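>>> Fold the following.
(one chain, ligands or ions: 1)
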Amino acid sequence: MHTLRERNRFKLIGVRAEEQRASFGEDVAQGLSRTPKRLSYRFLYDAEGSRLFEAICALPEYYPTRVETGILRGHVDALGTSFGSALWFVELGSGSDRKARILIEGLLRRGKDVCYAPIDISRHALEKNCEALLETYPGLRIHAVAADYLEGLRHLKSESDGPMLVAWLGSSIGNLERDDAVAFVAQVRRWMNPTDRFLVGIDLRKDAAILERAYRDSQGVTERFIKNVLTRINRELGGHFDLESMEYEAPYDGEAGRVDMLLTSKRRQDVPIDGLSLVVHLDRGESIHAESSYKYSREEIAALGRQAGMKLEAQWMDVSGWFSVNLFAPT
Ligand SMILES: C[S@@+](CC[C@H](N)C(=O)[O-])C[C@H]1O[C@@H](n2cnc3c(N)ncnc32)[C@H](O)[C@@H]1O
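As a prediction, this is how the structure comes out:
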């Protein structure tokens, strides 16, 4: 990783654009050569993807942002009690600064000396938000990392000089297969000291109709967000995807507790990707899997923590029991 920018109160380190592009190309070549075809959710977030995700958060059907924000507002004061006078507030996949502001303000209100350390692969969104935060909070230091979650966290572990509150919000854990989620939390656990805490926003199992509406909205914003990965392949890798030839679907599998976001070919077609010297063959009705969103029950959350070596110190939910914010401590 390299220092990309540094000035008073602000440091940005990360992976350079060309390295990111290389890993995007490798992932696309691998994912579109296998059966079933699959792309990694993390490539949904370029500058346009981050902008579209923000638009999703404002949709009436997309309850997670609204509900999680309400829970954080209601319980932020309790969070401060877990820490001494100074801490690093690390945010995995920070996206917009909406939730960071709630937590930063809550911690500052309790007189904490805070160093905010957001980690996000979307560098554009990261820089924009940091600028705004530095302006609002004159006492805040920011050490931002434009990189993959665990790469960023490993780096921060060697930089930080105090207890850490690591937050992973927005139900981002749901993008991981269940076993991978346990492995991820266990890795975070390995880097935690006894005084560190891990705050995770987890969406709960619920009625299929509510979930399918949330992930396939009436204005087609989620469809544009998911299809943006094809636009990105066309632009960055010389692809020739015709977006109109792909249908967006988001079925909920109640048994697996998972919404799958799929792009399904409306016709038999061959799509060249010049930059990868690859031709992708798609049959009519064949899908490319772009993202999953796993939902959890309360028992599944407790089991996840146990398997990863964590205990639930607090769990907060909204009155409808749609979403949960979980504070894990290492055991
Ligand atoms: C579902 S959004 C959540 C954004 C925000 N935390 C919220 O709660 O609204 C996921 C965020 O994580 C970032 N992201 C996705 N995969 C990532 C990865 N593997 N490493 C680092 N950041 C990632 C995206 O750029 C995006 O900002």
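>>> What residues does the stretch 1-150 of the chain have near the ligand?
Counting by Cβ under 6 Å from any ligand atom, the residues of the stretch 1-150 of the chain close to the ligand are 42, 45, 50, 53, 57, 65, 93-95, 99, 119-122, 125, 148-149. (Each C-beta comes from the backbone N, C-alpha and C, glycine too.)
>>> Which ones among those residues map onto strands?
residue 119 (DSSP state E).
>>> Now do the same contact list for residue 279.
270-273 (Cβ atoms under 8 Å, 6 or more residues apart in numbering).
>>> In ChimeraX, how would I select the buried members of those residues?
Applying 16 or more other Cβ atoms under 10 Å to the contacts of residue 279, the buried members can be selected in ChimeraX as follows:
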select :271,273
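>>> Please identify the residue most distant from the middle of the chain.
Centroid-distance maximum for the chain: residue 268 at 33.0 Å, with Cα atoms, centre = their mean.
>>> tell me the contacts of it?
282-284.
>>> Scan the residues you listed and report the most crowded one.
Highest neighbour count within these: residue 282, with 22 neighbours (other Cβ atoms under 10 Å).
>>> For the closest residue to that one other than its chain neighbours, what are phi and psi?
With Cβ to Cβ, 6 or more residues apart in numbering as the criterion, residue 282 has its nearest non-adjacent residue at 4.0 Å, and that residue is residue 265. When quoted as degrees, to the nearest 10, the phi and psi of residue 265 stand at phi -70, psi 130.
>>> Contacts only, for the residue of the stretch 151-300 of the chain found nearest the ligand.
In the stretch 151-300 of the chain, the residue found nearest to the ligand is residue 170; the distance is 2.3 Å by Cβ to the nearest ligand atom. Residue 170 makes contacts with 64-65, 68, 93, 95, 99, 201, as judged by Cβ under 8 Å, 6+ apart.
>>> got the residues of the stretch 151-300 of the chain near the ligand?
Checking the stretch 151-300 of the chain against the ligand by Cβ under 6 Å from any ligand atom, the hits are 169-170, 172.
>>> now those in CSV, with secondary structure and pLDDT?
What follows is these, written out as CSV (DSSP: H, G, I helix; E, B strand; the rest coil; pLDDT from 0 to 100):
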residue, secondary structure, pLDDT
169, coil, 98
170, coil, 97
172, helix, 98
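>>> Tell me the spatial nearest neighbour of residue 237, not counting adjacent residues.
residue 275 (4.1 Å).
>>> The helix or strand of the chain with the lowest mean pLDDT: what's the following helix or strand?
In the chain, the helix or strand scored least confidently by mean pLDDT, DSSP states H and E is strand 2-7, which has a mean of 86. Going down the chain from strand 2-7, the next helix or strand is strand 10-14, by DSSP states H and E.
>>> From what I see, residue 195 and residue 163 are in contact.
Yes: the pair residue 195 / residue 163 is scored as a contact, 4.3 Å apart, by Cβ atoms under 8 Å.
>>> Next, show the common contact partners of those two.
With Cβ under 8 Å, 6+ apart, residue 195 and residue 163 have common neighbours 83-84.
>>> re the thing from before, tell me which of the contacts of residue 268 is nearest to residue 312?
Nearest to residue 312 among the contacts of residue 268 is residue 282, at 43.8 Å by Cβ to Cβ.
>>> Verify the stated contact: residue 237 with residue 23.
No: counting by Cβ under 8 Å, residue 237 stays clear of residue 23, with 11.9 Å between them.
>>> Spit out the contact partners of the nearest residue to residue 70 once chain neighbours are set aside.
Among residues not flanking residue 70 along the chain, residue 318 sits closest, at 6.2 Å (Cβ to Cβ, 6+ apart). Residues near residue 318 by Cβ under 8 Å, 6+ apart: 67, 70-71.
>>> per-residue confidence at residue 318?
pLDDT, residue 318: 98.
>>> And for residue 36, the neighbour number?
For residue 36, the neighbour count with other Cβ under 10 Å is 10.
>>> so the closest residue to it other than its chain neighbours bridges to which residues?
Once flanking residues are discounted, residue 36 sits nearest to residue 289: 6.2 Å by Cβ to Cβ, 6+ apart. In this entry, residue 289 is beta-bridged to residue 38, residue 262, by DSSP bridges.
>>> Next, the contact list for residue 289, please.
36-39, 260-262.
>>> How much space separates it from residue 40?
As judged by Cβ to Cβ, to the nearest Å, residue 289 and residue 40 stand 10 Å apart.
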